[in-house]
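1. Structure of the sequence below:
(chains A and B)
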2 protein chains.
Amino acid sequence: MGLQVRDYEGVLTVELGGRVIIRHSRTEPWIYAGHGQGQYDMYRGNFKVSDRLGEKLALVDYAVESSDAGDVRVTFSKSGLLPLTVVFGVEHDRAVIRFVGNKEGINRLWLRLAAEEQEHVYGCGEQFSHFDLRGRNFPLWTSEQGVGRNKDTYITFLADKEDRAGGDYYWTFFPQPTFISSRKYYCHVDDSAYMDLDFRHPSYHELQLWNIPEKLVLEAADTYVELLGKLTAYLGRQPELPDWVYDGVWIGVQGGTEVVLDKLNRALAMGLQVSGVWAQDWQGVRHTSFGKRLMWNWIWNRELYPGLDKEIEKLREKGIRFLGYINPYVAVEGHLFKEASAAGFLAKNDRGEDYLVDFGEFDAGIVDFTNPEACEWYKNVIKENMIRFGLSGWMADFGEYLPTDVVLHNGASAEWMHNAWPAMWARLNREAVEEEDKLDDVTFFMRAGYTGSQRYCTMMWAGDQNVDWSLDDGLASVIPAALSLAMSGFGLHHSDIGGYTTLFGMKRTKELFMRWAEHSAFTPIMRTHEGNRPDDNWQFDSDDETLLHFARMSRVYTALKPYLKAAVKENADTGVPVMRPLFLHYERDERAYSIQYQYLLGRDLLAAPVIEEGQRTVGVYLPEDEWIHLWTGRTYRGGDIQVDAPLGQPPVFYRAASHYASLFESLRSLD
Amino acid sequence: MGLQVRDYEGVLTVELGGRVIIRHSRTEPWIYAGHGQGQYDMYRGNFKVSDRLGEKLALVDYAVESSDAGDVRVTFSKSGLLPLTVVFGVEHDRAVIRFVGNKEGINRLWLRLAAEEQEHVYGCGEQFSHFDLRGRNFPLWTSEQGVGRNKDTYITFLADKEDRAGGDYYWTFFPQPTFISSRKYYCHVDDSAYMDLDFRHPSYHELQLWNIPEKLVLEAADTYVELLGKLTAYLGRQPELPDWVYDGVWIGVQGGTEVVLDKLNRALAMGLQVSGVWAQDWQGVRHTSFGKRLMWNWIWNRELYPGLDKEIEKLREKGIRFLGYINPYVAVEGHLFKEASAAGFLAKNDRGEDYLVDFGEFDAGIVDFTNPEACEWYKNVIKENMIRFGLSGWMADFGEYLPTDVVLHNGASAEWMHNAWPAMWARLNREAVEEEDKLDDVTFFMRAGYTGSQRYCTMMWAGDQNVDWSLDDGLASVIPAALSLAMSGFGLHHSDIGGYTTLFGMKRTKELFMRWAEHSAFTPIMRTHEGNRPDDNWQFDSDDETLLHFARMSRVYTALKPYLKAAVKENADTGVPVMRPLFLHYERDERAYSIQYQYLLGRDLLAAPVIEEGQRTVGVYLPEDEWIHLWTGRTYRGGDIQVDAPLGQPPVFYRAASHYASLFESLRSLD
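-> Here you go, the predicted model:
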């Protein structure tokens, strides 16, 4: 479906399936162009980005011409200055707005897309604070997600002061210039430069782009389900997860073979369903004044994990997989750094030397993903040292730090490659798995992402939440994160049970761990993390009560296997995400559009996780349907209700009409 | 002295007395023009100002023509767009850069003045955090000064969170678009719109103006003393202070006739030299949930101050004056509001009603200073109710709050009048005093200011410091405040002894009070303030030791009377400020240019106030000269020294060559 362009009495109108997308006139132009110089101030993945704007011109003049292919070409300019030709056309049945011709001296574009006052907007990648993007602007730049992420909180203040790390509502590991409007169309900007998508104005959305993109892609549909189908057909979809994943939780443990096995065995003895043991220190640790850090030389560490090769086999026989860790860096002390450096596989500084990144008492080189040979080499590291060694999965960490002053093999500006980096990192991991023909058996999970991650990454996790109840950076925040990612075309999401970031006196409490576990039982994957300061945090095995509660939640999760598998398959086949906003299936319910702390898991489950400390009764909004409370069997018809939610009984409802009703009903009698 | 304009090989150069001020070429233009829409978000005098920028064009093209008057007219444009004619000329022997011709559709201007890498810049009104402005940008918008003023401090965090009041390094009651360069020229922008003067770039200063000004005024000189003489000849100078001022401190007390007299008598009995009793509640108080507030109806309150008319006479006979308080608002409950409202003297909202400002449980109207009749009326209030009543001075508070959406009598935009307001408020006070022919006897002091305050205001005070030791908002901050104001043409400055703002658990300590008093003894005026929460603060009479220390400092101050009077007279006659940066008299001393917590008091005293809690030995930098330590008589030749600074002996030095050496020496034996 293409774009309808009309030029009438000095007003140029562009429609997509009956929706006015652009309304341009001399007095209200849709396009501004100019140039500027981006300023990127980075400190350990925390960025302060600002612009030194050179010029900005409203391209009020336009001239329309039609081409033979049915495209409409319009040249916009300002009194002959900055002529920019825009082609409104179709490619593969998708509407595209292409920017062609001479773009010299232009590196800023402001595009205003027509908006309606009551319109809602979703997407922009993984957004932790606000699901509905309307009323705010969203700078898109992959970075740390911030610690606290709200200037009104003391934690944010401290993190800002200590490390410039407090962040703000839009900080994310996974930004993406894609949004879905409640006018049932999506718009995607095909570029990776810094952008700022501004949804504050009542009558337009303004896209500020720090590069002239190849194109904008737009499609419309009659339903959101159909729209997500189209978006994911364009961006790519995630494959199904390996079958073993659903057979239990992944326990995040570390400390060497003996410690790990001890923890596992105690957990198993207490009834925990375990499908994976995830040990990020499989490749060793180093000691810094900050505490224990990983070695960052990606090979089995025999000192810390004696006999691991054999143990992996034994675990596999018991149905338990072993997972590891990797990131895009190689520490200078390791053999991989030396190999990569010698071969010229590392990104360079402007003096042609290997660019070293300071990670706090140790330096690391950046594998240059723009160099195909470097990618092959790093893929081989994954294949040989990880897959063939026996790992069934790993955290593919980082991806969001690329400094803007590195010199890359492909000659592209790092300002432009910065956002693209996470998807390139995903692709490298994915190809390693695929080339080993292990996609049905091996999986990896990432926190950083960008356009392309949909196609290459097998699973996202929400990154580094605080071990607290804060809306912007605690348990609650992972729900809008999953939903906004879902509306950006990525349908598989989970989070560290209990959160990760343990700083400034934070300590993970028992209740937080339990509530987070209850939530995670209703996500595609259940995985724990000890956090950056394990001793300050309540862990899954800190006491028997916790372990028993966790074990029960693991049985709930494994009981859901057929349902979850089907939902994950649906995501792989059609792009309908596993965790879904309520309005996806209740389009006419206006309330549903502003709900960001409840979600549908698949078509038939509605979860309203407890996100407040001490809360034992929860207000839940149910769209009109026949809903059955999972733990009591009580039926509701929709509307605002209050439900009891003691520990162990998170508010979850299933549709009476569900094909899986009897499965859900069986959970009521589960120990 | 005019400007030399040269046009050679596509480079336009403008010089001022041999200094390159402008260097313009197509690739490095000096002028950008455009338009935008300012956003002013105000909460109780705290502003968040941002721009919705429409367009910005580099006016790279130029055409030079000379006029008969010797002026050089240059029309700058961008391919014929936004032609702006700039006249480089002379007026009253001052260089001026005038913007003439059609300015329609333009309300933004960016001007780049040539800079040198090692150049220092001072001024921009009253700047509390940074004296040398180089390396930072300074938005100029009169407002509250902020509470904390440093995003790294907890107080700032709390103030931001509670009241959006934390502020930042550039927040000030008294901004001014005037700067003095170490290249020995000044530049003044003749306009009152929002501006942002940016001194961050090594090769230029960028002035961002939100209006096309009438003109820029520039003058150069061979010395800073001469330069300040020229600047103040242009902007105006303050008159001398009444003679009685120097005879002691002004005690800030309140609570009614009896309380005030009791406090005074105890202080006198302990040896305090008092020249004034300053009672801000002379016009009554009101009780709100916030605490005690003033009545804001400007007339003697007979209930709270019975017999005040007689007491004022009695005090005057003892050589003690009585001072009061006024501000530009009239509270709705008072008779003045009713009078002003009935006469149409109040600023209006867009519905034509009196614009009411919420001051927290009470509303007040804004006397419209753009209405000459309203000014006459308000002057009469001052004349009749204050001067003729017997007040010898007052705090003329506020002036910085004018909302940008008020409708004014003169039809000018409040966005443009906002910055101008404080100087209009000063002028009204000044005219009231002058028309009563009392300038040698009555004085008033203000915190808010702008261009014009030099001419109209008789004395500035530093506003509302925190009762703490913070560099950005405590005792230390009043020194750069005085010095930057001095470099902006305002040479009389003092501060609330002990600070004012007492929030978020702050309490003024005894030591802070004593150190602040020691500093104030070496300023033109010594005045105390109880602070906004008097009971939380250490006061001058909180114990005998404090009172005795304060009394001694008052004797130091009064002993300095001949010296201070002469310095104040010099300021009135020549514009050389009373408190001076070290480089003013030691131009070749590079170190002197970066010193902001020491100052010269007049020509012969150098003060280095103790600004750290608990400090008893202080590092002082002395420029090359023969300096004698005030309390020990020890001689120094200059350089970095350490001096003992027990309580009561703030580090102060005098020049051995001083005409006043024996006076200074006498202080050594003062009790």
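
2. need the helix or strand of chain A with the lowest average pLDDT.
-> strand A:291-294 (a mean of 84; mean pLDDT, DSSP states H and E).

3. list the buried ones in the longest helix seen in chain A?
-> Ordering each helix of chain A by length in residues (DSSP state H) puts helix A:414-435 first. Buried positions in helix A:414-435, judged by neighbour count with 16 or more other C-beta atoms under 10 Å in any protein chain shown: A:414-433. Where C-beta positions appear, they are placed from N, C-alpha and C, glycine not excepted.

4. Chain B next: which of those residues are close?
-> Residues of the buried residues of helix A:414-435 in contact with chain B (C-beta under 8 Å from any C-beta of the partner chain): none.

5. How about the backbone phi and psi for A:Y32?
-> Recorded main-chain torsions at A:Y32 are phi -130, psi 140, according to degrees, to the nearest 10.

6. and the nearest residue to it once chain neighbours are set aside, what helix or strand is that in?
-> Spatial nearest neighbour of A:Y32, chain neighbours left out: A:W110 (3.9 Å); criterion: C-beta to C-beta, 6 or more residues apart in numbering or on different chains. Here A:W110 is covered by strand A:108-114, with elements defined by DSSP states H and E.

7. ok, the helix or strand just after that strand: who's next to it in the sheet?
-> Downstream of strand A:108-114, the next assigned helix or strand under DSSP H and E is strand A:121-125. With DSSP bridges as the test, strand A:121-125 is paired with strand A:175-181 (antiparallel).

8. So what touches the partner strand?
-> For strand A:175-181, contacts defined as C-beta atoms under 8 Å, 6 or more residues apart in numbering or on different chains pick out A:115, A:119-126, A:133, A:138-142, A:186-189, A:191, A:195, A:197, A:199, A:205, A:207, A:224, A:227-228, A:231, A:235, A:419, A:449-451, A:487-489.

9. Take those residues and keep only those in helices.
-> Using DSSP H, the contacts of strand A:175-181 in helices are A:Y224, A:L227, A:L228, A:L231, A:L235, A:N419.

10. Put together a markdown table for these, with pLDDT and distance to B:L630 on each row.
-> As requested, the ones in helices among the contacts of strand A:175-181 are arranged in a markdown table below (pLDDT from 0 to 100; distance: C-beta to C-beta, whole Å):
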| residue | pLDDT | distance to B:L630 |
| --- | --- | --- |
| A:Y224 | 98 | 79 |
| A:L227 | 98 | 80 |
| A:L228 | 98 | 79 |
| A:L231 | 98 | 77 |
| A:L235 | 98 | 76 |
| A:N419 | 98 | 62 |
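
11. Chain B: which of those is nearest?
-> A:N419 (24.0 Å; C-beta to the nearest C-beta).

12. my read: the closest one touches A:S143, true?
-> No: when contacts are counted by C-beta atoms under 8 Å, A:N419 is not listed as touching A:S143 (9.8 Å).

13. ok, now which ones touch the residue nearest to A:Y32?
-> A:I31, A:Y32, A:A33, A:K56, A:E206, A:L207, A:Q208, A:L209.

14. out of those residues, who's nearest chain B?
-> Among the contacts of A:W110, and counting by C-beta to the nearest C-beta, the member closest to chain B is A:K56, at 4.7 Å.

15. how about that closest one, what does it touch?
-> A:Y32, A:A33, A:G34, A:R108, A:W110, B:G34, B:L53, B:G54, B:E55, B:K56.

16. Excluding chain neighbours, what is closest to the last one?
-> For B:K56, ignoring the flanking residues on the chain, the nearest one in space by C-beta to C-beta, 6+ apart is B:G34 at 3.8 Å.

17. Show me what secondary structure element comes after whatever helix or strand that neighbour lives in.
-> For B:G34, the element it lies in under DSSP H and E is strand B:31-43. Once the chain leaves strand B:31-43, the next helix or strand it forms, by DSSP H and E, is strand B:46-58.

18. quick check: mean pLDDT across that following strand?
-> Regarding strand B:46-58, the rounded mean pLDDT is 97.

19. Just the helices from the stretch 251-400 of chain A, written as ranges.
-> Ranges of helices in the stretch 251-400 of chain A, per DSSP state H, counting those that start in this stretch, are A:257-269, A:308-317, A:335-343, A:372-381.

20. could I get those as TSV with mean pLDDT and mean neighbour count?
-> Listed next are these as TSV, based on pLDDT from 0 to 100; neighbours: other C-beta atoms under 10 Å in any protein chain shown:
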stretch	mean pLDDT	mean neighbour count
helix A:257-269	98	16
helix A:308-317	98	15
helix A:335-343	98	16
helix A:372-381	98	17
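
21. just to revisit the earlier point, can you list the buried residues in the least confident helix or strand of chain A?
-> A:R293, A:L294.

22. For A:A267, give its distance to A:A462.
-> Distance from A:A267 to A:A462, counting by C-beta to C-beta, to the nearest Å: 23 Å.

23. Also A:S453?
-> 14 Å.

24. Compare the two (neighbour count), which wins?
-> Neighbours per residue (other C-beta atoms under 10 Å in any protein chain shown) separate A:S453 from A:A462, with A:S453 holding more: 31 against 24.

25. per-residue pLDDT, that one?
-> At A:S453, pLDDT is 98.

26. Of the contacts of A:W110 - the most surrounded one?
-> Going by other C-beta under 10 Å, A:A33 tops the contacts of A:W110 with 27 neighbours.
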